[in-house]
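Asker: I would like the atomic coordinates for the input below:
(one chain, ligands or ions: 1)
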Amino acid sequence: MALTGTLMKILVSGGGTGGHIYPALAVATQLRDTYQAEILYLGSDDGLETQLVPAAGFRFEAIKAGKLQRFVSWRTATGLARVPVGMAQALQIVRQFRPQVAFTSGGYVAVPAGLAASANGVPLVMHQQDVPPNLSNKLIGPLATRVSVAFADSLHYFPAQKTSLLGNPIRQEILDIQRTSVAQARTALGFAPDLPLLLITGGSQGARHLNQVVAHALPELLPFCQVLQISGTKLYEETRHLAEETMVGLSAELSQRYRLVPYMSDEMPLALQAAELVICRAGAATLSELAVLHKPSILVPLPPAIGRSPQEANAAMFERAQAAIVIPNDELKPELLVERVRTITTSPASLLTMSEKVGTFALPEATRQIAEAVIRTAKLGAGLVPGVSEGGKN
Ligand SMILES: CC(=O)N[C@H]1[C@@H](OP(=O)(O)OP(=O)(O)OC[C@H]2O[C@@H](n3ccc(=O)[nH]c3=O)[C@H](O)[C@@H]2O)O[C@H](CO)[C@@H](O)[C@@H]1O
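Answerer: Here you go, the predicted model:
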């Protein structure tokens, strides 16, 4: 298989939620712009990727990917029925496209993508974002030629000889926003530059409990800080109603310190940079963004359906390192939230400690290094790197 002189073809897959799609898009963009690779993005037909990938200018093929669940629900049956259909679609797409390498970044669509690549002898680079691998990556991990992990705590889940700590790919716009000062970012978003700003984000889909607790806490929070709340698109209307109710009787001056939005696309980097403190779930992509921007946070990890959730493990790692404060989801109440926010925002020492400690998780070169690993894996697969065997030292 010749790689020189011809365009390298790369299959990219990852989907369902923003946390899986943005990293895949960051790597795909690097592969296209730096290596002039031809990218085909394989996603599920019902995930956020159906919108985000074409908008980013990549060729997109959708398949039916069944949601894999460890427990039985009505969705298990419908999900299982989609698995063979999606698998057949993935196999056909891989056979037609004939990629030299595949890259997956999680989500259930990564399973048919990884299996189809492997079945066709295409080397696979698999990215692990959360600390513990989820079911998808447990299934395709053994087939992967190389594994990149975002956090050192994940290294022990995979064979050392094929695994590297490279970090989570971060959108270039988030890396670039460091050149904008916190005060400038607040002003650009219409907030006062000199009053602490809390950013509330429940990840790409929003978090109902977080939204409700914050809405109830507004009358206590707004006298000493500004609040930018991202509710999640589907949770916007109910959060707006609740916030309007709880803010009845507040002065216009205090009410103006609050802004609610359903979702932020291009303005998300500004929102993160403008924040004094971020109150959020503990999704892996969000945590990596907090790390590169050195942002203190209160983490409310998404509880698991059963057992321990990946987000709980992510949050525990940050808490151990003093990089964040963690409040378990069922303990989060308006009074506790207000008390924690007041304690942190009035203590420059705690803000500084968290900001320094969270920065130790930053791996801002992740996108470039993962793209390099993908290219190197393709070349090894084609026998273009002499003297190094596949899965050799990196
Ligand atoms: C419910 C669920 O399955 N959650 C998982 C999902 O989270 P989820 O998709 O919520 O991902 P994260 O919280 O990790 O990341 C959210 C991403 O969306 C961006 N963003 C968010 C809100 C917004 O308005 N605008 C915006 O651009 C953030 O900047 C970030 O890049 O993938 C993560 C990464 O594998 C996992 O750790 C989470 O457990």
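Asker: And the next helix or strand past the lowest-mean-pLDDT helix or strand in the chain?
Answerer: The weakest-scoring helix or strand in the chain, judged by mean pLDDT, DSSP states H and E, is helix 74-97 (a mean of 81). Where DSSP states H and E defines the elements, the next helix or strand beyond helix 74-97 is strand 101-104.
Asker: Is that following strand positioned near the ligand?
Answerer: No. If you take Cβ under 6 Å from any ligand atom as the test, strand 101-104 misses the ligand, and the best it gets is 11.7 Å. For every residue, glycine as well, the C-beta is placed using N, CA and C.
Asker: Using CSV, write down the CA coordinates of that strand.
Answerer: What follows is strand 101-104, C-alpha atoms only, in CSV (Å, rounded to 0.1, in the frame of the first residue of the first chain):
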residue,chain,number,x,y,z
VAL,A,101,-5.7,3.9,9.3
ALA,A,102,-8.7,4.5,11.5
PHE,A,103,-9.1,6.8,14.6
THR,A,104,-11.9,6.5,17.1
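Asker: now it: mean pLDDT?
Answerer: Strand 101-104 carries an average pLDDT of 98.
Asker: try stretch 135-154
Answerer: pLDDT averaged over stretch 135-154 gives 96.
Asker: Using CSV, write out every CA atom in it.
Answerer: Presented in CSV, the C-alpha positions along stretch 135-154 are these (Å, rounded to 0.1, in the frame of the first residue of the first chain):
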residue,chain,number,x,y,z
LEU,A,135,-18.0,-0.5,27.3
SER,A,136,-17.2,0.7,23.8
ASN,A,137,-13.5,1.1,24.4
LYS,A,138,-13.3,-2.1,26.4
LEU,A,139,-14.7,-4.0,23.4
ILE,A,140,-12.4,-2.5,20.7
GLY,A,141,-9.4,-1.9,22.9
PRO,A,142,-7.9,-5.3,22.3
LEU,A,143,-8.1,-4.7,18.5
ALA,A,144,-6.4,-1.3,18.7
THR,A,145,-2.9,-1.0,17.3
ARG,A,146,-2.3,2.0,19.5
VAL,A,147,-4.1,3.6,22.4
SER,A,148,-3.8,7.2,23.4
VAL,A,149,-5.1,8.2,26.9
ALA,A,150,-6.0,11.6,28.3
PHE,A,151,-5.0,11.1,31.9
ALA,A,152,-2.2,9.2,33.6
ASP,A,153,-4.7,7.3,35.7
SER,A,154,-5.9,5.5,32.6
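Asker: and whichever strand or helix holds Y41, anywhere near the ligand?
Answerer: Using DSSP H and E, Y41 maps to strand 38-44. No. Taking Cβ under 6 Å from any ligand atom as the criterion, strand 38-44 and the ligand are apart, separated by no less than 13.1 Å.
Asker: now for that strand, which elements pack on it?
Answerer: Where contact means 3 or more Cβ pairs under 8 Å, 6 or more residues apart in numbering; DSSP states H and E, strand 38-44 is packed against strand 9-13, helix 18-35, helix 49-55, strand 59-63, helix 74-97.
Asker: Phi, psi for the closest residue in space to Q178 that isn't next to it in sequence please.
Answerer: Nearest non-adjacent residue to Q178, counting by Cβ to Cβ, 6 or more residues apart in numbering: L293, 6.6 Å away. Reported as degrees, to the nearest 10, the phi and psi values for L293 are phi -90, psi 0.
Asker: how far away is E312 from N329?
Answerer: Look at E312 and N329: by Cβ to Cβ, to the nearest Å, they are 9 Å apart.
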